[in-house]
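Visitor: okay, sequence plus prediction incoming.
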Amino acid sequence: MTTKSSAKMKAPNKVKEFRENLMMSKAELARKAGISVQTLNRIERGEVCRVDTQRKILEALNLKVDEKEKIFS
């Protein structure tokens, strides 16, 4: 039997590191990406997110989709 916390997939990324290097707050990145701060928190903890959400974050960080590997592994 799996518990709710152990069933969540992990997807390591560099969103927090990249955001902090740009001196951008979580609220600012979430607003620019059109996602909630709660969603951004989950992503920065390494939880899996949809491809569409990844695209929104990349665009908010002024990256192109083909630069995805800089942030998402």
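Guide: Looks like it arrived, so ask away. Numbers count the residues shown, from 1 in each chain.
Visitor: could you point out the longest helix in the chain?
Guide: helix 51-60 (DSSP state H).
Visitor: which other helices and strands does that helix contact?
Guide: helix 26-33, helix 37-44 (3 or more C-beta pairs under 8 Å, 6 or more residues apart in numbering; DSSP states H and E). Quick note: C-beta positions are derived from backbone N, CA and C, even for glycine.
Visitor: quick one: low-confidence parts of this structure?
Guide: 1-8 (pLDDT under 70).
Visitor: nearest residue to the middle of it?
Guide: I43 (4.2 Å; C-alpha atoms, centre = their mean).
Visitor: contacts only, for it.
Guide: In this structure, I43 makes contact with 13, 15, 49, 53, 57, judged by C-beta atoms under 8 Å, 6 or more residues apart in numbering.
Visitor: do you know how far the fourth one is from R19?
Guide: What it means is T53. 14 Å (C-beta to C-beta, to the nearest Å).
Visitor: next: the third one.
Guide: Taking C-beta to C-beta as the measure, C49 and R19 are separated by 14 Å.
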